[in-house]
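> Provide a 3D model corresponding to the input given below.
(one chain, ligands or ions: 1)
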Amino acid sequence: MARLEVDSLTKSYGGVRALSETSFEVHAGEVFGFVGSNGSGKTTTMRILLGVLEPDSGEVRWEGSPLDREVRRRIGYMPEERGLYPRMKVGDQLAYLARLYGLDTAAARDAVEQWTARLGLSERVGDEVQKLSLGNQQRVQLAAALMHAPDILVLDEPFSGLDPVAVELMSQVLREEAARGVPVLFSSHQLDLVERLCDRVGIIKNGRMVASGTLDQLRRTEHPQWIIDGPSSAGWLNGVDGVQVLETDGARTTVEVRRAGAEQQVLQAAMAAGPVREFAPARPSLTDLYRDVVSTDDGQEGEQ
Ligand SMILES: Nc1ncnc2c1ncn2[C@@H]1O[C@H](COP(=O)(O)OP(=O)(O)OP(=O)(O)O)[C@@H](O)[C@H]1O
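So this is what the prediction gives:
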């Protein structure tokens with residue numbers, strides 16, 4: 001299957017190490033969410049993908065071969081610093097970019113019409129970009145990335161600052177592009193949105209990819225969590241070894257099980273103390289998983 005492979009990228013800016021052996025893959029037809037704190041290396045990775053920045057070592061491959069100029073022309077990119085000409089009209093701007101990507105005049109006109117309609121910009125085609133709201137400028141930026149029906153989509157924080165309707169529209173468009181077979185890579189700090197939209201997620205910390213996979217793969221941690229809705233105060237747990245209480249809220253208790261099979265003893269202890277209404281594995285959200293992964297002290301803090 002076609003895939004975009006980011007293989008062991010390392011990059012420093014002077015003395016600042018931005019990326020350390022960062023690796024991950026985005027498969028054709030999947031939406032991949034790239035998350036990490038400010039300054040963790042997402043934009044640097046994307047710029048290397050685009051070829052505007054050279055890595056110190058490592059490479060990026062598409063269908064098994066290093067990315068060359070031809071493949072890079074087939075990438076649709078939405079940069080973090082939105083690169084539109086403020087005084088140019090929306091339609092002219094998009095047509096101009098489409099021509100740069102090699103479309104002829106008629107194909108460029110069709111692409112402008114198609115994408116301005118799809119992104120709710122038909123009424124704005126004749127307006128100068130600078131007269132649009134920031135959210136609408138972002139829609140134009142997405143249209144610009146899609147003009148040439150790209151083979152790969154790379155979007156740096158495409159959702160930041162969008163209202164819920166625009167978020168929904170952009171999410172649909174990204175899913176449609178993935179359904180067309182395009183690998184879609186985007187960065188975001190909106191973890192609930194990433195959880196809803198993505199097939200797989202990569203978490204980067206201090207320039208290192210510290211976790212990647214589907215949500216279920218990320219949830220399969222060494223220490224599963226269980227929720228018990230039953231006897232209150234969790235005092236009944238005293239005496240069960242290999243279990244840590246993470247949260248207790250009256251009758252509802254969440255525990256982390258650190259010894260294989262200990263959850264059965266948790267259940268027995270709970271039932272011995274009173275009626276149990278629910279006993280189930282917890283499904284941590286991406287926000288929970290992210291907090292765990294990012295707060296783990298891996299000794300890399302401050303590494304140069
Ligand atoms: N042009 C540059 N010169 C020097 N340092 C840089 C430059 N660009 C990025 N950095 C540093 O590299 C590290 C990674 O930055 P990068 O912009 O890739 O992070 P990011 O994950 O995209 O952050 P954000 O979520 O804030 O956009 C940071 O420490 C940043 O300060």
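> use CA for all of it now, contacts and neighbours both
Fine.
> is it true that residue 255 lies in a helix?
No. Residue 255: not assigned to a helix; according to DSSP: H, G, I helix; E, B strand; the rest coil it is strand.
> Run me through the strand neighbours of the host helix or strand of residue 246, direction for each.
Using DSSP states H and E, residue 246 falls within strand 243-249. Strand 243-249 sits in its sheet next to strand 252-257 (antiparallel), going by DSSP bridges.
> before we move on, the earlier item: buried residues in the strand holding residue 246, which are they?
Neighbour counts over strand 243-249 (16 or more other C-alpha atoms under 10 Å) mark 243, 248 as buried.
> average pLDDT for it?
Averaged over strand 243-249, pLDDT sits at 87.
> So what's the gap between it and the chain middle?
30 Å (C-alpha atoms, centre = their mean, to the nearest Å).
> pull the CA atoms of it into CSV?
Written as CSV, here are the backbone C-alpha positions of strand 243-249 (Å, rounded to 0.1, in the frame of the first residue of the first chain):
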residue,chain,number,x,y,z
VAL,A,243,-3.9,-1.9,42.1
GLN,A,244,-3.8,1.9,42.3
VAL,A,245,-6.8,4.1,42.7
LEU,A,246,-6.7,6.9,40.1
GLU,A,247,-10.0,8.6,40.8
THR,A,248,-12.9,8.1,43.2
ASP,A,249,-16.0,10.1,43.0
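> got the contact list for it?
Strand 243-249 has contacts (C-alpha atoms under 8 Å, 6 or more residues apart in numbering) with 233, 234, 253, 254, 255, 256, 257, 258, 259, 262.
> ChimeraX command for the buried members of the residues you listed?
Entered in ChimeraX, the line below selects the buried ones among these, by 16+ other C-alpha under 10 Å:
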select :234,253,254,255,256,257,258,262
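> could the contacts of strand 243-249 be laid out in TSV, adding distance to the ligand and pLDDT?
Converted to TSV, the contacts of strand 243-249 look like this (distance: C-alpha to the nearest ligand atom, whole Å; pLDDT from 0 to 100):
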residue	distance to the ligand	pLDDT
233	40	69
234	40	72
253	34	91
254	32	90
255	32	91
256	31	89
257	33	91
258	33	88
259	36	89
262	39	91
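> how long is stretch 27-40 from one end to the other?
Start-to-end span of stretch 27-40 (C-alpha to C-alpha, to the nearest Å) is 23 Å.
> Same question for stretch 170-186.
Counting by C-alpha to C-alpha, the length from the leading to the trailing residue of stretch 170-186 is 12 Å.
> What of stretch 119-137?
Using C-alpha to C-alpha, first and last residues of stretch 119-137 are 11 Å apart.
> again, but for stretch 33-46
End-to-end distance for stretch 33-46: 12 Å, by C-alpha to C-alpha.
> Specify the beta-bridge partners of the residue nearest to the spatial centre of the chain.
The centre of the chain sits closest to residue 33, judged by C-alpha atoms, centre = their mean, with a distance of 1.6 Å. Beta bridges link residue 33 to residue 186, residue 201, judged by DSSP bridges.
> just checking, it touches residue 191?
No. Counting by C-alpha atoms under 8 Å, residue 33 stays clear of residue 191, with 9.0 Å between them.
> Doesn't residue 269 belong to a helix?
Yes. Assignment of residue 269 by three-state DSSP places it within a helix.
> What score does it have for pLDDT?
92.
> doesn't residue 235 make contact with it?
No. Taking contacts as C-alpha under 8 Å, residue 269 lies outside contact range of residue 235: 10.0 Å.
> And those two? Which one has more around it.
A direct count of neighbours by other C-alpha atoms under 10 Å for residue 269 and residue 235 places residue 269 higher, at 19 against 11.
> and the gap between that one and the ligand?
45 Å (C-alpha to the nearest ligand atom, to the nearest Å).
> and that residue, what is it in contact with?
Residue 269 makes contact with 236, 237, 240, according to C-alpha under 8 Å, 6+ apart.
> next one: residue 263
Counted by C-alpha under 8 Å, 6+ apart, residue 263 has contacts 226, 257.
> What strand or helix carries it?
With DSSP H and E as the test, residue 263 turns up in helix 262-273.
> what about stretch 43-54, distance to the chain center?
Offset of stretch 43-54 from its chain centre (C-alpha atoms, centre = their mean): 17 Å.
> Now that stretch: average pLDDT?
For stretch 43-54, mean pLDDT rounds to 95.
> need the strands for this structure, in chain order.
For the chain, the strands defined by DSSP state E cover 3-13, 16-27, 31-35, 57-62, 65-66, 75-78, 152-155, 184-187, 200-205, 208-213, 225-229, 243-249, 252-257, 278-281.
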